[in-house]
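Q: I would like to see how this sequence folds:
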Amino acid sequence: MKYLKQFGIILLISFIGELLHAFLPLPVPASIYGIVILFLCLECKAIKVADIKETSAFLIEIMPIMFIPAAVGLMDSWQIIKPSLVSYGVITVVTTIAVMAVSGKAVQFMMHRREKK
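A: Next up is the predicted model:
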């Protein structure tokens, strides 16, 4: 029963993200709204980490399986993707480096902020 409650909380927040995506005219994916809402709820202590810990760990463990349909879709679209492969490769490398840099700076900022407290 504990897992159903935890999964229900995560689904509810995901659903709220979907609603925000449907009603707000911003180019933001519903999953990002959901992540931000979950973060704010955890940060404000509206949801305790213990309330979603086990189910979150399970979902993270099975995350690689979730990429299989996307990979099959890419293989199915190979003829369309092939002419732009270099462009996709460059975009992938540049955005990966950018995400690593921004994530690293964010972690450093948070660690520095925590040390001040």
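Q: Just to check, residue 7 is in contact with residue 55?
A: Yes - with contacts counted by Cβ atoms under 8 Å, residue 7 reaches residue 55, the gap being 5.0 Å. Using the backbone N, CA and C atoms, a C-beta is placed for each residue, glycine as well.
Q: More neighbours: which of those two?
A: Taking neighbours as other Cβ atoms under 10 Å, residue 7 and residue 55 compare with residue 55 leading, 19 against 16.
Q: tell me the contacts of that one?
A: Residue 55 sits next to 3, 6-7, 10 when contact means Cβ atoms under 8 Å, 6 or more residues apart in numbering.
Q: Most neighbours of all those residues, which one?
A: Going by other Cβ under 10 Å, residue 6 tops the contacts of residue 55 with 21 neighbours.
Q: And the helices in this protein?
A: Here the chain has its helices, by DSSP state H, at 2-23, 30-43, 53-61, 63-66, 68-76, 78-81, 85-116.
Q: picking up where we left off before, residue 26: which of the contacts of residue 55 is nearest?
A: Distances from residue 26 to the contacts of residue 55, taken as Cβ to Cβ, are shortest for residue 10 (22.6 Å).
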